[in-house]
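> the amino acid sequence is not available; the structure is as follows:
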């Protein structure tokens, strides 16, 4: 016959076993929910990255392949022209020559239109103070969260921690360069070095050289992305010309460089890209406070949407 102590011990053991089983079930359930949430967050990061690329890609394919198509059409006309010259077809030669001239003119208009479309302007309402180090670490975390093997060697050699910019475009600038440079042929083990240094930007293009006016000089930050691990030094001053530099992409791998140039120049900055077989360096200089030199839209996007609707 069981004593009271044995009965209590059995009841206590049963309670412990049941309690432990319940705890394990709840812990596994919580862990599963955490895994699902973490997976969903990773997918959200991936979708966010794709959204950045899709937003940037909406118009650029037209300029690249449209230009290529025009070049192929003109080449075919030239071949036909040479054939007619060889066989003495004078009347047709004149028609082909006029058509070639028209095609060249239309091609130049297309290129000019594409360059204008490939430049961007900023919304003045979106300009705010941005913590660039926090943005860099945020972007790096997003990329690594989706399993991309990016390694960043950050050399922050400035005292200031902020600059004036469109936060979404600045994040896009960091994202594009970390993502693309880490995947470039020159990158070793997906390593990207980013050196941040103090410098200045000089804007002398609007000044009359014969006058005594002093060119505008603004404090700036130099963001130098590179596949090299050596320390990159910045010049004391970078001169920004008045010409809008909007080259068309020549290959898919240079799309991010064009987009980075658009973002930087819209903020009144300077761009320099050096690439060879062994190394790739993309240098972007942005004014710390560039309200005087930024390219702003001459309309409010929100008002435009209201008028269209």
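Perfect, thanks for sending it. What you see is a predicted model, and the numbers here were worked out from it, not measured in a lab.

> what helices or strands is the host helix or strand of residue 281 leaning on?
Secondary-structure assignment from DSSP states H and E places residue 281 in strand 280-287. For strand 280-287, the elements it packs on are strand 162-165, helix 167-182, strand 191-203, strand 216-226, helix 255-266, strand 270-275, judged by 3 or more C-beta pairs under 8 Å, 6 or more residues apart in numbering; DSSP states H and E. C-beta coordinates here come from the backbone N, C-alpha and C atoms, glycine included.

> looking at those, which is nearest to residue 297?
helix 255-266 (10.0 Å; C-beta to C-beta).

> elements contacting that closest one?
helix 4-57, helix 60-86, helix 167-182, strand 270-275, strand 280-287.

> what residues of the last one count as buried?
Spelled out, that is strand 280-287. 280, 281, 282, 283, 284, 285, 286, 287 (16 or more other C-beta atoms under 10 Å).

> could you check the pLDDT of the first one?
You'll see residue 280 listed with a pLDDT of 95.

> partners of it in the sheet?
Going by DSSP bridges, residue 280 is paired in beta bridges with residue 275.

> that one: what's it in contact with?
Residue 280 makes contacts with 181, 184, 186, 187, 226, 227, 274, as judged by C-beta atoms under 8 Å, 6 or more residues apart in numbering.

> and stretch 152-159, which residues are buried?
Quick answer for stretch 152-159 (16+ other C-beta under 10 Å): 152, 158.

> contacts for it?
133, 136, 140, 178, 191-198, 221, 229, 231.

> the helices and strands packed on strand 280-287: which one's closest to residue 75?
helix 255-266 (24.3 Å).

> dihedrals phi and psi, residue 183?
Dihedral pair for residue 183: phi -100, psi 0, per degrees, to the nearest 10.

> what's the distance between it and residue 78?
38 Å (C-beta to C-beta, to the nearest Å).

> next one: residue 260
Taking C-beta to C-beta, one finds residue 260 at 35 Å from residue 78.

> check which helix or strand residue 144 maps to.
helix 132-145.

> check residue 94 too.
With DSSP H and E as criterion, residue 94 is part of helix 90-117.
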